[in-house]
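Trainee: When you get a sec, could you give me coordinates for this:
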Amino acid sequence: MAAILLGKEVTAALDASLCARAEALRKNGTVPTLALLRLGENPSDLSYEKGACARAEKIGAEVRRVVLAESASKAEVLAAIDKLNADPSVHGVLMFRPLPKHLRADTNEICNRLSAEKDIDGMTDLSLAGVFSGRDDLGYAPCTPAACMEILDHYGIDCTGKNAVVIGRSLVVGRPAAMMLLRRNATVTLCHTKTVDLASICRNADLIVSAAGALRSLTKDFVRPGQIVLDVSINWDENKPNAKGGLGAIAGDAVYDEVSQIVGAITPVPGGVGGVTTSVLLKHLIEAAERA
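Mentor: Prediction:
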């Protein structure tokens, strides 16, 4: 049976450090402030917002909600971002994505309107350039791959010399995760939907980061004893028992019951990477406030 890499243990350690840093900022007259820019009332956005607000309150940061109508125009969204860029009391900005359908074609322009200094979730090109070039002074990495690194650090997992496989090539998780592992001296293979014989490639890895977003795609055929599996994806499994005694719950890519019987360590879903992501967001906020 695999060791379970629980996110709550990582989060507890992070929060303790962030509380102290936030208190130091407040003593110096700086209140670390996060702005949440949301369009409409998407349930998943509201859920994340609720969790972020609770975590921010816990560490001593403030949250400012900026809510626009789902039908807001590009000009209205850009104006809201410009206002946040110009406000020195706001240290970090998170804009919920994906944007409404009528703005999808303008996503790149809208994201890059945000100042990289306040981009605490790696959505600007400059922030991503920092990840790919290994520079820490160009914005911040996307929070989900950064959460993976926090988990590895907390559990003392050294990536040096390890063969790592990342499944998924998005700019939100896959490619940044690959670059961050490379920076930690892992040898990285970045896989995707066109990869031939993915199962064989995964079996040869020491570390697997699964960000495919495909329920039950990581099976026992993809793993071997001793591996570390970080399951990043959040999928909906209508056949998984839930806390209310019915069916329907979130699940990762891994067929957890079978994979966890083989590998050396694994993150559960829920309870793994996702829970650490919000703490990383606030870590970036505190860093931005300290720099400011």
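Trainee: quick one: residue 255 from residue 36, how far?
Mentor: 35 Å (CB to CB, to the nearest Å). (Glycine included, C-beta is placed from N, CA and C.)
Trainee: ok, the closest residue to residue 175 other than its chain neighbours - how many residues close by?
Mentor: Using CB to CB, 6 or more residues apart in numbering and skipping the chain neighbours, the partner closest in space to residue 175 is residue 169 (5.6 Å). Residue 169 has 18 neighbouring residues, counting by other CB atoms under 10 Å.
Trainee: ok but residue 169 is inside a helix, no?
Mentor: No. Counting by DSSP: H, G, I helix; E, B strand; the rest coil, residue 169 is not part of a helix but coil.
Trainee: quick one: contacts for it?
Mentor: 175, 190, 191, 192 (CB atoms under 8 Å, 6 or more residues apart in numbering).
Trainee: which residues of the chain fall in strands?
Mentor: 3-4, 33-39, 62-68, 92-95, 163-167, 187-191, 207-210, 228-231, 235-241, 247-251, 265-266 (DSSP state E).
Trainee: Distance from the second one to the middle of the chain?
Mentor: Read that as strand 33-39. Taking CA atoms, centre = their mean, to the nearest Å, the mean C-alpha location of strand 33-39 is offset from the chain mean by 17 Å.
Trainee: again, but for stretch 229-240
Mentor: 15 Å.
Trainee: State which helix of the chain is the longest.
Mentor: Identified as the longest helix of the chain according to DSSP state H is helix 7-27.
Trainee: mind listing what's buried in that one?
Mentor: Neighbour-count burial for helix 7-27 flags 7, 10, 11, 14, 15, 18, 21, 22, 25 (criterion: 16 or more other CB atoms under 10 Å).
Trainee: Next: stretch 157-169.
Mentor: For stretch 157-169, by 16+ other CB under 10 Å, it's 157, 159, 162, 163, 164, 165, 166, 167, 168, 169.
Trainee: Let's see the pLDDT reported for residue 112.
Mentor: pLDDT recorded at residue 112 is 97.
Trainee: list the contacts for it?
Mentor: Counting by CB under 8 Å, 6+ apart, residue 112 touches 124, 125, 126.
Trainee: What separation is there between it and residue 125?
Mentor: 6 Å.
Trainee: Residue 180 is in contact with residue 150, isn't it?
Mentor: No. Contact criterion CB atoms under 8 Å: residue 180 and residue 150 do not qualify, at 10.7 Å.
Trainee: I figured residue 98 hits residue 104, correct?
Mentor: Yes. The criterion here is CB under 8 Å, and residue 98 meets it with residue 104 at 6.7 Å.
Trainee: Nearest residue to the middle of this protein?
Mentor: The residue lying closest to the centre of the chain (CA atoms, centre = their mean) is residue 144, at 1.6 Å.
Trainee: just to revisit the earlier point, alpha carbons of the longest helix of the chain, as CSV, please.
Mentor: What follows is helix 7-27, C-alpha atoms only, in CSV (Å, rounded to 0.1, in the frame of the first residue of the first chain):
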residue,chain,number,x,y,z
GLY,A,7,-2.3,17.9,1.2
LYS,A,8,-3.5,19.0,4.7
GLU,A,9,-0.1,18.3,6.2
VAL,A,10,1.5,20.5,3.6
THR,A,11,-1.1,23.2,4.0
ALA,A,12,-0.7,23.3,7.8
ALA,A,13,3.0,23.8,7.5
LEU,A,14,2.6,26.5,4.9
ASP,A,15,-0.2,28.3,6.8
ALA,A,16,1.9,28.5,10.0
SER,A,17,4.7,30.3,8.0
LEU,A,18,2.3,32.6,6.2
CYS,A,19,0.6,33.7,9.4
ALA,A,20,3.9,34.9,10.8
ARG,A,21,4.9,36.7,7.6
ALA,A,22,1.4,38.3,7.3
GLU,A,23,1.7,39.5,10.9
ALA,A,24,5.1,41.0,10.2
LEU,A,25,3.7,42.9,7.2
ARG,A,26,0.8,44.2,9.2
LYS,A,27,3.2,45.5,11.9
